[in-house]
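Enquirer: Sequence and computational prediction follow.
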Amino acid sequence: MPAVQPDIARAVINDNMFRELLGVARIYQTGIMRLLASKKGHTGLRLSFQPIMTGIPTQGIRNTDLAAKLGMSKQNSFQLLKQVEAAGYIHRKSDPRDKRARRIYRTDKGMRLMRDGLEITARIDAQCRAVLGDTAFRHLAQSLSTLSRGLHLTTLVHIDSHASIAERPGAFSNDLIQLANHCNSSLMRTTMDKGYPNLRPSYGQVLMHIGVDGARIQDIAAINDISKQAVGQLVGEIEDLGYIQRAQDPADGRSKILFFTPAGTKLISDSIAAADQLMQSYSTIIGASRLQQMRDDLDRLYHGLLPQDASASERDSPHPAPTAPKQDTPLQADLLRYLVYHFEQACTADRAGTAPEAATRLVTVETTQGEQFDPNRVKNRLEAVLGKRKLASLQNLLDDVAVKLSQ
């Protein structure tokens, strides 16, 4: 049986802005990587190349200066540079001002990678706009930019200062990823200092996605866009440390669900002080109301961009977002089913009789995935995409109609 989640851990697991922040940043990074490979033909890419490629200015840079700019040791920077150079995206030349030193430059292949990266980033930005709407996207971009400047985070891409923040190529993703990196390193460092020296940054790919109801390996793999085998290896290591355990999936006897053990919930609880301290520093920079709006927008964005199944990596777009196509999408079908369901319940409650027979049949139709219609699941999904207020407005409208019919 899964361990009972303490109330304090429940609050952290359920109300976790950092999970959404890190999750959206990861979706951006893996989406860019996938499309660079599948649509632009770039090979040998790794997520770890991103800071190196974006940190090199046109005039080149010495390894010592690049390491300082990225906040890493010269040794780690040198090892990473060798991998990027082996992939053909950078090369090193003698420094014209000091023949004993060498400067790092992007190759023609590396320059094309950067141009293609900005083009693809703009495509993913458009998906985020589709989830949030233009106004909310602009507000989120402004909050991320203000936080990044307030925390003195490095701007790794050249950004046109004459364009609005939400329209600057690469600005949104730069601020998002830099803030996510700052958040991850701050939380990890503070938590390790509390008596968890064996934690590794990569464990966050698993731990941040285990909620009160647990998590499945295939879902975590889809979110992070890595193989189930890679997730399984991380799960095994975390399991050996005693922080998580596996339980039988009641919906599928062949699958397991990951839950926190008592030691795992203590780990989550011990991270509260670090999270509170980080949230307070963010609130000081942008204010409590803007921080709350940022949390709401990141929550909507995270759930709106989440892949619906493990095969999302095979699609043309990094992660499907609602775009109002001509034909019904599964999301639109869910919306229709849920509104019909709600209307039927409202009619029954107001003694207006049951909904028409056709509507009743619609509610019980199985979804395209073969799952029986689950109003609670669909409501959660719709709230993540539409927002609670918009969905509540639709529900109130149907309630009013039901009252009128009963009179």
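Expert: Looks like it arrived, so ask away. Numbering: from 1, shown residues only.

Enquirer: Return the distance of residue 197 relative to residue 154.
Expert: 28 Å (CB to CB, to the nearest Å). The way it works is simple: take the backbone N, C-alpha and C, and place the C-beta from them, glycine included.

Enquirer: Which residue of these two possesses the greater neighbour count?
Expert: residue 154 (15 against 7; other CB atoms under 10 Å).

Enquirer: ok, the more buried one touching residue 69?
Expert: Yes - Residue 154 is within contact range of residue 69, at 6.3 Å (criterion: CB atoms under 8 Å).

Enquirer: my guess is residue 102 meets residue 92, correct?
Expert: Yes - the pair residue 102 / residue 92 is scored as a contact, 4.6 Å apart, by CB under 8 Å.

Enquirer: okay, and the common contacts of residue 154 and residue 69?
Expert: residue 55 (CB atoms under 8 Å, 6 or more residues apart in numbering).

Enquirer: residue contacts, residue 181?
Expert: residue 25.

Enquirer: Relative to residue 174, how far out is it?
Expert: Counting by CB to CB, the gap from residue 181 to residue 174 is 11 Å.

Enquirer: Which segments of the protein make up each domain?
Expert: 7-36+121-305, 40-115, 330-406 (automatic domain parsing).

Enquirer: Out of these, indicate the one that is most buried.
Expert: domain 7-36+121-305 (a mean of 18; mean count of other CB atoms under 10 Å).

Enquirer: next one: phi and psi at the closest residue to residue 19 other than its chain neighbours?
Expert: Nearest residue to residue 19, sequence neighbours excluded (CB to CB, 6 or more residues apart in numbering): residue 208, at 4.6 Å. Torsion angles at residue 208 (phi, psi; degrees, to the nearest 10) stand at phi -70, psi -10.

Enquirer: Next: residue 245.
Expert: Dihedral angles for residue 245 - degrees, to the nearest 10 - are phi -150, psi 160.

Enquirer: Was I right to think it contacts residue 258?
Expert: Yes - using CB under 8 Å, residue 245 makes contact with residue 258 at a distance of 7.5 Å.

Enquirer: which stretches of the stretch 51-200 of the chain form strands?
Expert: 61-62, 90-95, 98-106 (DSSP state E, counting those that start in this stretch).

Enquirer: circling back: reformat the domains of the chain into a markdown table and put mean pLDDT next to each item.
Expert: A markdown table is the format used below for the domains of the chain (pLDDT from 0 to 100):
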| stretch | mean pLDDT |
| --- | --- |
| domain 7-36+121-305 | 83 |
| domain 40-115 | 89 |
| domain 330-406 | 54 |
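
Enquirer: what residues are up against residue 93?
Expert: Residue 93 neighbours (CB under 8 Å, 6+ apart): 60, 102, 103, 105.

Enquirer: what is it paired to in the beta sheet?
Expert: residue 103 (DSSP bridges).

Enquirer: Pull up the gap between the closest residue in space to residue 64 that isn't next to it in sequence and residue 178, please.
Expert: Closest residue to residue 64 apart from its sequence neighbours, by CB to CB, 6+ apart: residue 74 at 6.1 Å. Distance, residue 74 to residue 178, using CB to CB: 21 Å.

Enquirer: Also residue 265?
Expert: 30 Å.
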